[in-house]
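Asks: no sequence for this one, just the structure:
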């Protein structure tokens, strides 16, 4: 079956703009998590959605938001982009929100460059 | 909050050599995941360990979780250039809610 699909793979935005990234989880998976990866900070948890509800949120400003649709697809949005938002954004899916015993699969990521 | 440390930070080995990467937690591990990442790409799931003393193998990679569940090791036997990449350990806290990653170990395998 298809893996986690993220679009777009690469994008360049200007400071102050906003961006929307999309993630389609593995079929049957209802939990979607988002992570930001930068060379300096490593992998950091953004938020997690399960059954269209945000269950958990990392320590990121309110400019970072997300949502999940009834088909489990998820989007994340970053408004008023800053240079420091340049990163690889990774989406992960799992069967449900429980972290114990559930394998978490990652997509290829979306490379965002803010200029 | 739970923090994961990995050692070494980077590793360069000759093809055919064995190597070990360690992941240490500040708290008890209730689920420990190992992933491999090629630069700029997504994470590839390798193994998940839950029980103290558990050991799993896949091809030439073996992962172990110690009895106290605070340290895990990833061992690669007879390394190949295809093993090169960044190895990350990740873990859930005891509530199964938050998921954190270690800083990663960059492995280079020289042919």
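Replies: Received the coordinates, thanks. Predicted model, so just to flag it, every value in this text is computed and none were measured. Residues are numbered from 1 along each chain as shown, chains lettered A, B, ... in the order given.

Asks: Check whether stretch B:59-75 comes near chain A.
Replies: No. Using C-beta under 8 Å from any C-beta of the partner chain, stretch B:59-75 never reaches chain A; the gap is at least 12.2 Å. Every residue, glycine included, has its C-beta placed from N, CA and C.

Asks: Go through that stretch and flag the buried ones.
Replies: The neighbour-count check on stretch B:59-75 (16 or more other C-beta atoms under 10 Å in any protein chain shown) flags B:61-66, B:69-75 as buried.

Asks: which residues of the chain score low on pLDDT?
Replies: Using chain A. The model of chain A has pLDDT under 70 over residues A:1, A:99-101.

Asks: That was the other one, I meant chain B.
Replies: Counting by pLDDT under 70, chain B shows low-confidence ranges at B:1, B:93-97.

Asks: Show me which residues of chain A sit near chain B.
Replies: Residues of chain A lying close to chain B by C-beta under 8 Å from any C-beta are A:4, A:6, A:33, A:35, A:42-43, A:45, A:55-56, A:88, A:90, A:92, A:98-101, A:103-109, A:111.

Asks: hmm, back to that, now, the buried residues of stretch B:59-75 that are in strands?
Replies: B:61, B:62, B:63, B:64, B:65, B:71, B:72, B:73, B:74, B:75 (DSSP state E).

Asks: separation between the first one and residue A:102?
Replies: Spatial separation of residue B:61 from residue A:102 under the definition C-beta to C-beta, to the nearest Å is 21 Å.

Asks: Equivalent analysis for the fifth one, please.
Replies: Using C-beta to C-beta, we find residue B:65 at a distance of 17 Å from residue A:102.
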